[in-house]
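# Kindly return the folded structure for what I paste below:
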Amino acid sequence: MKLQFAMDTVTTEAALELAAAAAPHVDILELGTPLIKAAGLSAVTAIKKAHPDKIVFADLKTMDAGELEADIAFSAGADLVTVLGLAGDSTIIGAVKAAKKHGKGIVADLIGVPDKAKRAKEVVALGVDFVEMHAGLDEQAEDGFTFSTLLDDGAASGVAFSVAGGINISTIASVQQSGAEVAVAGSAIYSAPDVGAAAAELRAAIV
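Reported below is the predicted structural model:
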């Protein structure tokens with residue numbers, strides 16, 4: 001299972017600092033949506049230049065203009081780009097077209113999708129590389145949210161999936177047991193006193 005670091009900061013400088021500390025221990029460096037909105041896709045280029053050996057993940061959460069937005073991100077250096085699972089099929093197909101042009105990949109983020117397992121099958125059939133079983137920060141704060149639901153949805157989907165939202169040292173083993181191909185950790189790493197040590201601890205928990 002790969003380890004993905006979601007850098008939910010808002011400046012390129014902060015992202016470069018976080019990436020430098022965590023890179024030895026993670027496989028995928030994710031530029032969060034707030035970072036891309038605040039700093040632009042030049043942040044993607046900067047991270048890819050600094051870490052050419054890492055998979056750079058641009059979390060665009062595209063809802064429309066799939067081909068155009070994905071093409072711009074891939075041109076900036078992204079290896080993976082997200083499109084929302086809630087988007088129309090034509091948007092997802094467009095993003096996949098751009099990915100094929102660049103030899104890169106599309107991930108469908110299923111945040112907000114009611115039936116994640118069902119939609120996962122549909123979007124993989126449209127050509128996305130894998131889906132992200134994702135509970136956003138707002139959803140995690142809602143009454144009744146349970147992390148296990150994400151894992152159950154992933155296992156039920158029968159397709160390649162990642163898990164994002166609530167991953168830390170106490171939950172990462174269950175993520176691997178669910179069959180996830182990627183565990184996406186954010187605050188468990190970037191909020192830690194020692195970013196590198198936190199990333200290393202999560203890496204060590206993956207067997």
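
# Starting from the helix or strand residue 21 falls within, tell me the next helix or strand along the chain.
Using DSSP states H and E, residue 21 falls within helix 12-22. Per DSSP H and E, the first helix or strand lying C-terminal to helix 12-22 is strand 28-31.

# Let's see that next one as PDB, backbone CA atoms only.
Taking C-alpha atoms only, strand 28-31 is exported to PDB below (Å, rounded to 0.1, in the frame of the first residue of the first chain):
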ATOM      1  CA  ILE A  28       2.700  10.500  -3.400                       C
ATOM      2  CA  LEU A  29       2.800  14.200  -2.700                       C
ATOM      3  CA  GLU A  30      -0.700  15.700  -2.800                       C
ATOM      4  CA  LEU A  31      -1.300  19.400  -3.300                       C
END
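
# Downstream of it, the next helix or strand is which one?
Taking DSSP H and E as the definition, the helix or strand right after strand 28-31 is helix 33-39.

# average model confidence for that next one?
Looking at helix 33-39 alone, the average pLDDT works out to 97.

# Show me the contact partners of that helix.
The contact list for helix 33-39, computed with CB atoms under 8 Å, 6 or more residues apart in numbering, reads 7-12, 15, 43-44, 58-61. Any C-beta I mention is one placed from the backbone N, CA and C, and that applies to glycine too.

# Tabulate the residues you listed (CSV), appending secondary structure and pLDDT.
CSV is the format used below for the contacts of helix 33-39 (DSSP: H, G, I helix; E, B strand; the rest coil; pLDDT from 0 to 100):
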residue, secondary structure, pLDDT
7, strand, 97
8, coil, 93
9, coil, 96
10, coil, 97
11, coil, 98
12, helix, 98
15, helix, 98
43, helix, 98
44, helix, 98
58, strand, 98
59, strand, 98
60, strand, 98
61, strand, 98
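
# Got a PyMOL select line for the buried ones in those?
The buried residues among those can be selected in PyMOL (16 or more other CB atoms under 10 Å) with this line:
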select buried, resi 7+8+9+12+15+43+44+58+59+60+61
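
# Tell me where the longest helix sits in this protein.
When the chain is parsed with DSSP state H, its longest helix is helix 89-102.

# May I have that helix as PDB, with CA atoms only?
Output of helix 89-102 as PDB, limited to C-alpha atoms (Å, rounded to 0.1, in the frame of the first residue of the first chain):
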ATOM      1  CA  ASP A  89     -19.900  11.200 -17.000                       C
ATOM      2  CA  SER A  90     -18.900  13.500 -19.900                       C
ATOM      3  CA  THR A  91     -16.700  15.500 -17.500                       C
ATOM      4  CA  ILE A  92     -15.000  12.400 -16.200                       C
ATOM      5  CA  ILE A  93     -14.500  11.100 -19.800                       C
ATOM      6  CA  GLY A  94     -12.900  14.400 -20.800                       C
ATOM      7  CA  ALA A  95     -10.500  14.200 -17.900                       C
ATOM      8  CA  VAL A  96      -9.500  10.700 -18.800                       C
ATOM      9  CA  LYS A  97      -8.900  11.800 -22.400                       C
ATOM     10  CA  ALA A  98      -6.400  14.400 -21.100                       C
ATOM     11  CA  ALA A  99      -4.700  11.800 -18.900                       C
ATOM     12  CA  LYS A 100      -4.200   9.400 -21.900                       C
ATOM     13  CA  LYS A 101      -2.800  12.300 -23.900                       C
ATOM     14  CA  HIS A 102      -0.200  12.900 -21.300                       C
END
